[in-house]
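J.: Need coordinates for the following:
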Amino acid sequence: MRLRLTIAATAAAATMAVTHPVAAQGTAAPGQARPTAQERSGPESADVEFIRKASEGGHREVEAGKLASEKASNAEVRAFAKMMVDDHSKSNAELIALVSPQAPVPAQKPSADSALGGLTGPAFDRAYMAKMVTDHQATVELFEAEVRDGKDGAVRKWATQKLPTIRGHLEKARALQAKLGQTSSR
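T.: Numbers count the residues shown, from 1 in each chain. Predicted coordinates for the structure are as follows:
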């Protein structure tokens, strides 16, 4: 049975309606109002929250990466930013296709990170990489929780497949952050 869910697509609070196969718990009979995500309890609630957070985070990474591609002064930071745009764009598309295979939802762009927007040069590079370390630590934790506790097999499988890439992003971000800290003249 398919359950109609509404999840936030971006940090800008854009919403999208998606069709997602999950447990039928909490569904209404045809013609009756369906319970909201807040009213539902049970296995699908955690998966819906994971999907929302993964979608928002992925879109933020793409937007921050685009900003860094333009503003970074360090070539390695620009290369990392390009990797973020490429990898997270691909993952975002996969997630949308996973939760809405019949009607892919166009993603709306969240606003750019205002804390980074006013910086330039090496200060921007250091702030961007610090943000990447923080964001990817949180993302690793999010995906590990889904792999461990997720109830929806397809969503859990997708999270399991993406986790090594996200851990790799974190390792690269930490290494580059450490390098920038030692060579602030770049």
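J.: ranges for the helices of this structure?
T.: Remark: helices assigned in the chain by DSSP state H are 43-71, 75-99, 114-117, 121-149, 153-182.
J.: With respect to burial, which of the ones you listed scores highest?
T.: helix 43-71 (a mean of 21; mean count of other CB atoms under 10 Å). Every C-beta, even on glycine, is put in place using the N, C-alpha and C of the backbone.
J.: mind listing what the residue lying closest to Gly150 once chain neighbours are set aside touches?
T.: Leaving aside its chain neighbours, Gly150 sits nearest to Arg156 (3.7 Å; criterion: CB to CB, 6 or more residues apart in numbering). Contacts for Arg156 were tallied using CB atoms under 8 Å, 6 or more residues apart in numbering; they are 47, 146-147, 150.
J.: Just send those back as TSV, with pLDDT and distance to Gly121 too.
T.: TSV is the format used below for the contacts of Arg156 (pLDDT from 0 to 100; distance: CB to CB, whole Å):
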residue	pLDDT	distance to Gly121
Asp47	87	42
Glu146	96	38
Val147	96	39
Gly150	93	42
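J.: Need those in TSV (columns: distance to Val133).
T.: Below are the contacts of Arg156 laid out as TSV (distance: CB to CB, whole Å):
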residue	distance to Val133
Asp47	27
Glu146	21
Val147	21
Gly150	25
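J.: just the CA coordinates of stretch 60-74, formatted as CSV?
T.: Taking Å, rounded to 0.1, in the frame of the first residue of the first chain, the C-alpha atoms of stretch 60-74 are listed here in CSV:
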residue,chain,number,x,y,z
ARG,A,60,22.5,22.7,1.5
GLU,A,61,25.7,20.9,0.5
VAL,A,62,25.0,21.6,-3.2
GLU,A,63,24.3,25.3,-2.6
ALA,A,64,27.4,25.8,-0.3
GLY,A,65,29.5,23.9,-2.9
LYS,A,66,28.3,26.2,-5.7
LEU,A,67,29.2,29.2,-3.5
ALA,A,68,32.6,27.8,-2.7
SER,A,69,33.2,27.0,-6.4
GLU,A,70,32.9,30.8,-7.0
LYS,A,71,34.5,32.3,-3.9
ALA,A,72,37.2,29.9,-2.7
SER,A,73,40.8,31.1,-3.2
ASN,A,74,42.4,27.7,-2.7
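J.: For it, the averaged confidence score.
T.: Stretch 60-74 shows a mean pLDDT of 94 in the predicted model.
J.: do the same with stretch 159-167
T.: Averaging pLDDT along stretch 159-167 gives 97.
J.: dump the residue contacts of Gly181.
T.: Arg126.
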